[in-house]
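Trainee: 3D model of this:
(chains A and B)
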Number of protein chains: 2
Amino acid sequence: MVVTLPYAIVVYDVAAERTAKFLTYLRRYLTHVQNSVFEGELTEGQIVEVEETLESMLEVGESVMVYRMASEKYVERSVFGDDPMDDQQFL
Amino acid sequence: MVVTLPYAIVVYDVAAERTAKFLTYLRRYLTHVQNSVFEGELTEGQIVEVEETLESMLEVGESVMVYRMASEKYVERSVFGDDPMDDQQFL
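Mentor: Got it, this is the predicted structure:
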């Protein structure tokens, strides 16, 4: 049996000096695909955990958006310009 | 017959002083949902047009990611923190 995991795209908008904190946390679960965008497969339990943790990390004026799909197969991604995935800073 | 339009999420990472240009362009087609995130329904033709235009607007070091789904029904959005949709600056 092939188990398909839910797919999540996380975009955060936080104070510049606080981005490292979010990067460090999100890297544990997801792939860094653009400056403030992460994506990847997460179990339902992990999604809840990530959402609750991110919410607790936010300060006034900051926000996080989480898009979820039942599977990665429902979403197609196109990248234009400098693909940050090619950049060492995103490894 | 109900026609379901494809749904797109656009995230851009451009130089701070050039964000206004992208905001102005993307507002013509999509809803501004976070600092550098837009989303909404687009026809296949509009998606091609938006992708080509955004690509032509990019400068070195900048990038745009476009996520597309066959319909909005495949994606669920959660917002944590200050929902920018409530903010006048996003109207």
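Trainee: could you list the buried residues of stretch A:6-25?
Mentor: Within stretch A:6-25, the residues scored as buried using 16 or more other CB atoms under 10 Å in any protein chain shown are A:6-14, A:22, A:25. C-beta: built from backbone N, CA, C; applies to glycine.
Trainee: pLDDT at the closest residue to A:Phe38 other than its chain neighbours, what is it?
Mentor: Nearest residue to A:Phe38, sequence neighbours excluded (CB to CB, 6 or more residues apart in numbering or on different chains): A:Leu30, at 3.9 Å. Listed pLDDT for A:Leu30 reads 97.
Trainee: for A:Leu30, list the residues it contacts.
Mentor: Contacts for A:Leu30 (CB atoms under 8 Å, 6 or more residues apart in numbering or on different chains) come out as A:8, A:10, A:38-40, A:42, A:50.
Trainee: what's the angle from the helix or strand hosting A:Met65 to strand B:63-69?
Mentor: Counting by DSSP states H and E, the element that carries A:Met65 is strand A:63-69. What separates the directions of strand A:63-69 and strand B:63-69 is an angle of 40 degrees, with axes from the mean of the first three to the mean of the last three CA atoms, to 10 degrees.
Trainee: so what's the gap between strand A:63-69 and the chain middle?
Mentor: Chain-centre distance of strand A:63-69: 8 Å, with CA atoms, centre = their mean, to the nearest Å.
Trainee: ok, stretch A:9-16 next?
Mentor: Computed by CA atoms, centre = their mean, the chain-centroid distance of stretch A:9-16 equals 9 Å.
Trainee: same check, this time on stretch A:42-53
Mentor: 11 Å.
Trainee: what's the answer for stretch A:43-61, then?
Mentor: Remark: stretch A:43-61 is offset 11 Å from the chain centroid, using CA atoms, centre = their mean.
Trainee: then stretch A:3-19?
Mentor: The answer for stretch A:3-19 is 2 Å, by CA atoms, centre = their mean.
Trainee: restricting to C-alpha, output that stretch in PDB.
Mentor: The C-alpha trace of stretch A:3-19 is given here as PDB (Å, rounded to 0.1, in the frame of the first residue of the first chain):
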ATOM      1  CA  VAL A   3       0.600   6.000   1.700                       C
ATOM      2  CA  THR A   4       0.200   9.500   0.400                       C
ATOM      3  CA  LEU A   5       1.100  12.200   2.900                       C
ATOM      4  CA  PRO A   6      -0.500  15.600   2.900                       C
ATOM      5  CA  TYR A   7       1.500  18.400   1.300                       C
ATOM      6  CA  ALA A   8       2.100  21.800   2.900                       C
ATOM      7  CA  ILE A   9       3.400  25.100   1.700                       C
ATOM      8  CA  VAL A  10       4.300  27.500   4.500                       C
ATOM      9  CA  VAL A  11       4.900  31.200   3.800                       C
ATOM     10  CA  TYR A  12       5.900  33.500   6.700                       C
ATOM     11  CA  ASP A  13       6.200  37.300   7.000                       C
ATOM     12  CA  VAL A  14       8.200  38.100  10.100                       C
ATOM     13  CA  ALA A  15      10.600  40.800  11.200                       C
ATOM     14  CA  ALA A  16      13.900  40.600   9.300                       C
ATOM     15  CA  GLU A  17      15.900  40.000  12.400                       C
ATOM     16  CA  ARG A  18      13.700  37.100  13.400                       C
ATOM     17  CA  THR A  19      13.800  35.100  10.100                       C
END
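Trainee: thanks a lot, see you next time.
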